[in-house]
Structure formats: structure tokens, C-alpha cells
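> With the sequence up front, the predicted model follows.
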Amino acid sequence: GKRVLVTGGGGSIGSELCRQIMSFVPAQLVIYDISENYMYDLQSELHNRYGEMVRNTLQLRVGSVRDVDTLDRVFAEVRPEIVIHAAAHKHVPLMEDSPCEAIKNNAIGTYKTAYAAMVHGCERFVLISTDKAVNPTNIMGASKRLCEMIIQSFDQKIKEGRAGEIPQLFT
């Protein structure tokens, strides 16, 4: 019965989370992803499985977790109560070749998504991480460890009543 937004909802991990979330009958499920092809395929699959419930419950939103304006617009319109943040680059060899992209997408994207969730009154933010973040030995693991640290920092500031000290990232 909650409004749930899943970032990276079209990807391998995010799409499985969406399948499971639909079985709990959310008030609304918003799949947010940069890849419209994966979202379209998932929408078709969910429609075949859940029928008319999908028409009333499911929304697809194309956008990047790195785009502050799109995140802000989607969060303002949807007002998610729960965010499942699965959007991330996850392929170790590719990220070793593109370390800046791993940091920009994983760490900065997490920060921007968490900030939007905080500003728009989200009740719960769930970060999907990886065992590779424990004592990371590669850039992908290190970027996911940064994500964990970002969420821990947000949580601490919010619990201390100091959320106003968390700066917004514009770019």
C-alpha cells in the first residue's frame, strides 16, 4: 500500500526487486531508469503477470540518478514513501577501465538520489550494495563503499536533526 520508487528498476537487480514489490500490492510502483528498453520489457512482463493492477499501479520514468532536475521533478510528482536505490554500474572490469564513471554514477548518483528523497519527505531509503564494498579491492567496490558511507552520513545527520547541513549537489 505504499508508493515505491526503484532506481535502476530496469536492470538485473532492480527488475527482480520490482517483480517482488508488485507481489506486495504497492499503491504505486515507479520504475526509474536511464534505459527505456529494459523498462518497457519489464512493464510488458508485469502486465502479463498482474494484468489490470499494473495499469493502475505502475509508472515508468526515464532519467538518470545523476540528473538533479529530473530527480527533483520525479520525486515532487511521485512523492515516494520508499526508495529502493539499485541504480549503479556493477561490472568490475568495465569500471576498472572507467573509474570516473563508476564514481560519478555510483557515489554521486547515490548522493543526488538520497538528497531528493530527503527533501521530498521519503520515509525509507534502501541502498542496494554489494559484498565487493567490504574491504574493496577495485574501483567498483570502492565506489559502492562510498555509497554506503554517503547513506550512513545522511542517516546520522537526519537523526541528529542536522539535515540542513547536507549540501545539495547541482551538477
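Received it, and whenever you're ready, just let me know what you need.

> Quick one: end-to-end length of stretch 65-85, please.
Start-to-end span of stretch 65-85 (CA to CA, to the nearest Å) is 9 Å.

> quick one: average confidence on that stretch?
Stretch 65-85 carries an average pLDDT of 97.

> Tell me how far that stretch lies from the chain's centre.
Between the centre of stretch 65-85 and the centre of its chain there are 9 Å (CA atoms, centre = their mean, to the nearest Å).

> which helices and strands does the lengthiest helix in the chain pack with?
Longest helix in the chain by number of residues, with DSSP state H as the criterion: helix 139-159. With contacts taken as 3 or more CB pairs under 8 Å, 6 or more residues apart in numbering; DSSP states H and E, helix 139-159 sits against helix 92-97, helix 99-102, helix 109-119, strand 124-127. Quick note: C-beta positions are derived from backbone N, CA and C, even for glycine.

> Which of these sits closest to residue 14?
strand 124-127 (11.6 Å; CB to CB).

> before we move on, back to that, of the helices and strands packed on helix 139-159, which is nearest residue 35?
helix 109-119 (14.2 Å).

> The closest one: which residues count as buried?
Neighbour counts over helix 109-119 (16 or more other CB atoms under 10 Å) mark 109, 110, 111, 112, 113, 114, 115, 116, 117, 118 as buried.

> can you check stretch 133-143 too?
Within stretch 133-143, judged by 16+ other CB under 10 Å, the buried ones are 133, 139, 140, 141, 142, 143.

> Now the third one: closest residue in space, sequence neighbours ignored.
The reference is to residue 140. Of all residues not flanking residue 140 in the chain, residue 95 sits nearest, at 4.0 Å (CB to CB, 6 or more residues apart in numbering).

> centre of the chain versus stretch 132-147, how much separation?
Here stretch 132-147 is found 17 Å from its chain centre; the criterion is CA atoms, centre = their mean.

> Next: stretch 17-32.
13 Å.

> Residues contacting it, please?
1-10, 14, 39, 42-43, 45-46, 49-50, 53-54, 57-63, 65, 74, 78, 80, 84, 86-87, 128 (CB atoms under 8 Å, 6 or more residues apart in numbering).
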